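Visitor: Sequence plus the predicted model coming up.
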Amino acid sequence: MATYTTNGGITKIATGDESGTWGNTTNLNFDIIDRITNGVGAITLSGTTHTLTTSDGSLSDGQYKVLVLGGSPSGTNTITVAPNDAQKFYIVKNNSGESAIFTQGSGANVTVADGNSAIIYCDGAGAGAAVVDITATIPAAGALLVANNLSDLADAGTARTNLGVAIGTNVLAYDSNLQSFVTAFTLPTSDGSTGEALITNGSGTISFGSAGISTGKAIAMAIVFG
C-alpha cells in the first residue's frame, strides 16, 4: 500500500513498488515538489467558504507556495486548510475583493484583508491546529510597528504622545495670537548692531535700526519731564 509524506502528499515509493509506473509516479512527485517550493497558484473564491486541500499523490491547490486569491466571493471568505495535520507555509496575496480568513482547526486563525498580503503558516496540530501570521510582527524597512509606536493612528493626540511630541509636554501648544503676529510681520533674518532696536516701517516689515531718540535727547527729555 502506497504511503505519502504528511505535509506535501508526495508518494513514498518502497522497494518493489510502482512496477511499470515508477517513472510516472516519480515525475508526479517532482511536479508536487516544484509546486511546494516555487508554485504560484490562482485560487478562485466564491461564496463565503473554500477548502484548500493537499491531496496525497496528486497535484492540488493546497500545495502551492504562493496563493493569489481571486474570484468573486459573496462576503468574507473562510479558507479551511486541509488536512488539519499537515504543516503548511504560504505567501498570500488577496485580490478577491473580500477579506479571507485562514483556518485549520480550533486554534488561532489569520485574516488577510482585501488588497493585503501576508506570510502565514499552519502548525498541523490536528483538531486544535492554528494558523499564524508571521508578517504581523515584522515591520517593513524603516517602518514603525503600530502596536509599539503609533498605538492609535486614528487619534492624533495618542500618536503624538507615542512619538514623544505631546503638545504641552514635548512641544508648545499652538497659540493663535503668535500665529497672527508671525503672519502680520516680516521679521529680520540677521542680528542688528549694538544699541539698535526693532522698528517697523508701518507696513508690516520689522528691522533693526535707530528709534529716532539719541542719548542726548533722552537726557533732555528726562530733565524736561522730570
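Guide: Received, thanks.
Visitor: Every contact and neighbour count from this point should use C-alpha atoms.
Guide: Noted.
Visitor: Could you list the low-pLDDT ranges of this protein?
Guide: Within the chain, the segments meeting pLDDT under 70 span 1, 139-154, 162-163, 167-176, 211-226.
Visitor: Report how many residues lie close to T6.
Guide: Counted by other Cα atoms under 10 Å, the residues lying close to T6 total 14.
Visitor: Excluding residues flanking it in the chain, which one is nearest it?
Guide: What sits nearest to T6 in space, not counting adjacent residues and going by Cα to Cα, 6 or more residues apart in numbering, is A86, at 5.8 Å.
Visitor: how about the strands in this structure?
Guide: For the chain, strands defined by DSSP state E occupy the ranges 3-4, 11-12, 40-53, 66-82, 88-94, 100-103, 110-112, 117-122, 131-133, 197-200, 206-209.
Visitor: strand partners of the first one, parallel vs antiparallel please.
Guide: When pairs are called by DSSP bridges, strand 3-4 turns out to pair with strand 11-12 (antiparallel).
Visitor: Contacts for the partner strand, please.
Guide: With contact meaning Cα atoms under 8 Å, 6 or more residues apart in numbering, strand 11-12 is reached by A2, T3, Y4, T5, T25, N29, D56, G57.
Visitor: Run through the residues that contact the first one.
Guide: What it means is A2. With Cα under 8 Å, 6+ apart, A2 has these contacts: T11, K12, I13, A14.
Visitor: Touching, T48 and S72? I think so.
Guide: No: T48 lies out of contact with S72 (Cα atoms under 8 Å); the separation is 9.7 Å.
Visitor: Can you mark which positions in the top helix by length along the chain are buried?
Guide: For the chain, the helix with the greatest residue count under DSSP state H is helix 22-38. Buried residues in helix 22-38, counting neighbours by 16 or more other Cα atoms under 10 Å, are found at T25, T26, L28, N29, I32, I33, R35, I36.
Visitor: burial of G16, as a residue count?
Guide: G16 has 7 nearby residues by other Cα under 10 Å.
Visitor: Equivalent analysis for C122, please.
Guide: Around C122 there are 27 other residues, counting by other Cα under 10 Å.
Visitor: Show me what it is bridged to.
Guide: In this entry, C122 is beta-bridged to K88, V131, by DSSP bridges.
Visitor: Next up, the contacts around it.
Guide: Counting by Cα under 8 Å, 6+ apart, C122 has contacts A86, Q87, K88, F89, Q104, A129, A130, V131, V132.
Visitor: 6 Å instead?
Guide: By Cα atoms under 6 Å, 6 or more residues apart in numbering, the contact list for C122 reads Q87, K88, A130, V131.
Visitor: between the residues you listed, which is nearest G115?
Guide: Using Cα to Cα, V131 comes nearest to G115 of the contacts of C122, at 19.7 Å.
Visitor: My read is that the closest one contacts N109, right?
Guide: Yes: between V131 and N109 there is a contact at 5.0 Å, judged by Cα atoms under 6 Å.
Visitor: And those two? Which one has more around it.
Guide: The neighbour comparison of V131 against N109 (other Cα under 10 Å) goes to V131, with 26 against 20.
Visitor: What is the neighbour count of T158?
Guide: That count, for T158 with other Cα under 10 Å as the rule, works out to 17.
Visitor: I'm done for today, thanks for sticking with me.
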